[in-house]
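1. With the sequence up front, the predicted model follows.
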Amino acid sequence: MSFILLIERKAREKGLREGMREGLKEGLKEGLNKGILQTNRANIVELLRARFGRVPLAMGKAVRSIDDPIVLKSIFRNAVKCESLDEFKRVLSR
């Protein structure tokens, strides 16, 4: 194998390793973010259950459809403060 071909092969291997490392890092970050969103959604629904008993299916589904962590944080705070599921439903519809 010529010296140039050896250098090219080493460069491709290095690029492949770096690409795989970056891909793994991005995949882990994405997975972590998804897990945090799922946990926050579940915590909101569980908080509502603890406070008000049964949570309507549509309400739980609406909470589980939220993908913005800032919105979820705001909704969680409101779930703590609301006096009823009806009040929370109004918050959720905003």
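-> Now that the structure is in, tell me what you want to look at. Numbering: from 1, shown residues only.

2. And for residue 60, the neighbour number?
-> By the criterion of other CB atoms under 10 Å, residue 60 has 17 neighbours. Glycine gets a C-beta too; all of them are placed from N, C-alpha and C.

3. pretty sure it is in contact with residue 46, am I right?
-> No: between residue 60 and residue 46 there is no contact under CB atoms under 8 Å: 10.1 Å.

4. Got phi/psi on the residue lying closest to residue 49 once chain neighbours are set aside?
-> Leaving aside its chain neighbours, residue 49 sits nearest to residue 55 (5.5 Å; criterion: CB to CB, 6 or more residues apart in numbering). Dihedral pair for residue 55: phi -100, psi 130, per degrees, to the nearest 10.

5. And the pLDDT at residue 20?
-> Confidence at residue 20, expressed as pLDDT, is 88.

6. what number of residues lie near it?
-> For residue 20, the count of nearby residues is 10 (other CB under 10 Å).

7. Now for residue 76: which residues touch it?
-> Applying CB atoms under 8 Å, 6 or more residues apart in numbering, one finds that residue 76 lies in contact with 40, 43, 44, 47.

8. any idea how far it is from residue 32?
-> 19 Å (CB to CB, to the nearest Å).

9. Could you do residue 68 as well?
-> 16 Å.
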